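> Got a predicted structure plus its sequence, pasted below:
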Amino acid sequence: MADDKKNQMAETPPSLPPTKVKFEIYGEEMIEKLVKSSGNSGRVYLPPDWVGRHVKIIRVD
């Protein structure tokens, strides 16, 4: 019986995340920008003093 329950749990697919999630981030500055097309990719220009800094990008729409 216990083996049947384990097999059943292993076969259950993980639930899909909701369409929107909440992020809580602590940082120094925030800039909102529109991503521009750049070849087969997208590009966002940031201030030159951010070069070499660690940034996190979150898509909001």
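Arrived safely.
> Do you have the helices of this protein handy? List them.
Assigned by DSSP state H, the chain shows helices spanning 2-11.
> And the strands in it, which stretches?
Assigned by DSSP state E, the strands in the chain fall at 36-38, 41-43.
> Contacts for the first one next, please.
Meaning strand 36-38. Among residues not part of strand 36-38, those counted as contacts by C-beta atoms under 8 Å, 6 or more residues apart in numbering are 42-44. Glycine gets a C-beta too; all of them are placed from N, C-alpha and C.
> repeat that for 6 Å
By C-beta atoms under 6 Å, 6 or more residues apart in numbering, the surrounding residues in contact with strand 36-38 are residue 43.
> TSV please, covering the strands of the chain and showing mean pLDDT.
What follows is the strands of the chain, written out as TSV (pLDDT from 0 to 100):
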stretch	mean pLDDT
strand 36-38	96
strand 41-43	97
